[in-house]
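>>> Structure for this input, please:
(one chain, ligands or ions: 1)
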Amino acid sequence: MTRLCLIDTEASRRTPAIEAASRSAPLRVLILGGTAEASEIARRLADQSDLSVISSLAGRVNQPKIPDGPVRIGGFGGVDGLLSFLQNESIGAVIDATHPFAARISASAESACSQLGLPLIAFSRVPWAKQEADHWHAVPDTERAAAYVAKTAGRVFLAIGRQQLDAFASCSKAWLLIRAIDPPDVSLPANTKLLLERGPFHIEHELQLLRNHAIDYIVSKNSGGQATYAKIEAARLLGIPVVMVDRPQKHTVPTVDTINGVLANLSRLQLQLAAIQEPCAP
Ligand code: NAP
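Numbers count the residues shown, from 1 in each chain. You can find the predicted model right below:
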């Protein structure tokens, strides 16, 4: 099985998919999205005439922010579905710019690109780093965060979105403020207030939220990025602890952690594909 992050120019790594991509103009690029960075990448590539970019969203939220350019919405149907999509759409390169906690789609992308020998550019945001004034209790996953909350009384700001809320169903000791973009489709514990809000959030808003609800501690994923960081800053300023859920291990290929890094890798890939088609100098 061929495993590629970016192509190199060795003949041995010229898979049929790479040969095909080198012949296709414009290059067809699939962006796996659902993040601000994926939308920004789509925006910055939209005007490039040598690229034909399609963004993909899972369809989790009712009114998604639609990226620039062509967009498809909904799961592919696992690895096999993604393989079919990549082949049917003659995709020449994939950019995985999904959320750091979206591990299944990234595993599908790695598997499908590996099987086809397609270049995959994997983006991963820098995680938030604990500052001196932070009081973080790190847990490896949402289930462990739920186990912590189940043992603990107090007023909790549960800021993990609406997926995986079922893990908190038996948390009867605590009072929960749950924030999500759309209403959760699982039944919530009795002592719950649901707040429907969409980021980005600002520090004044988060300070007021924590104070108004007399929050004792926050449960957060270590998502990284700016859009939801204000609650972490607000917790620091108010001396409120944070149960911080660590990220899943989602990539086995090397990743880049900036949008510019993604775009630079894509440009490099285009140069490499162009070089495949150029005749050798005598
Ligand atoms: P996940 O667990 O990795 O994915 C579950 C399934 O949803 C995948 O197997 C795939 O279905 C489909 N899917 C996910 N992302 C997709 C995409 N960009 N395009 C098409 N299908 C996609 O992901 P998740 O945690 O449910 O997150 C879903 C989406 O929301 C992701 O795109 C992610 O970027 C975004 N998001 C997630 C979080 C979070 O905390 N998890 C936060 C903000 C945004 P098939 O197997 O049928 O292909």
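>>> alpha carbons only for contacts and neighbour counts from here, please
OK.
>>> What parts of the stretch 1-150 of the chain come near the ligand?
Proximity of the stretch 1-150 of the chain to the ligand, by Cα under 6 Å from any ligand atom, involves residues 32-35, 56-58, 74-78, 98-99, 101-105.
>>> So which of those residues are in strands?
32, 56-57 (DSSP state E).
>>> so can I have TSV of these showing neighbour count and pLDDT?
Putting these into TSV (neighbours: other Cα atoms under 10 Å; pLDDT from 0 to 100) gives the following:
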residue	neighbour count	pLDDT
32	24	98
56	22	98
57	22	98
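>>> which among the residues of the stretch 1-150 of the chain next to the ligand end up buried?
32-34, 56-58, 76, 98-99, 101, 103, 105 (16 or more other Cα atoms under 10 Å).
>>> Quick one: those as a markdown table, columns for distance to residue 264 too.
Converted to a markdown table, those look like this (distance: Cα to Cα, whole Å):
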| residue | distance to residue 264 |
| --- | --- |
| 32 | 18 |
| 33 | 18 |
| 34 | 21 |
| 56 | 21 |
| 57 | 23 |
| 58 | 26 |
| 76 | 28 |
| 98 | 18 |
| 99 | 20 |
| 101 | 24 |
| 103 | 24 |
| 105 | 23 |
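>>> Now for those residues: which two are most distant?
76 and 101 (18.2 Å; Cα to Cα).
>>> list the contacts for residue 49?
Residue 49 is in contact with residue 26, counting by Cα atoms under 8 Å, 6 or more residues apart in numbering.
>>> Residues contacting stretch 234-243, please?
133-139, 145, 203, 206-207, 210, 215-220, 232.
>>> How far off centre is the lengthiest helix in the chain?
As assigned by DSSP state H, the longest helix anywhere in the chain is helix 259-277. Centroid separation for helix 259-277 versus its chain: 22 Å, with Cα atoms, centre = their mean, to the nearest Å.
>>> Could you check how far residue 164 is from residue 245?
12 Å (Cα to Cα, to the nearest Å).
>>> What of residue 16?
41 Å.
>>> In terms of neighbours, single out the busier of those two.
residue 245 (23 against 12; other Cα atoms under 10 Å).
>>> Kindly state the beta-bridge partners for the more buried one.
Here residue 245 sits in beta bridges with residue 139, residue 221, going by DSSP bridges.
>>> hang on, isn't it packed against residue 146?
No - between residue 245 and residue 146 there is no contact under Cα atoms under 8 Å: 10.3 Å.
>>> got a list of what the one residue sitting closest to the centre of the chain touches?
The residue lying closest to the centre of the chain (Cα atoms, centre = their mean) is residue 99, at 1.1 Å. Contacts for residue 99 (Cα under 8 Å, 6+ apart) come out as 33-35, 124, 223.
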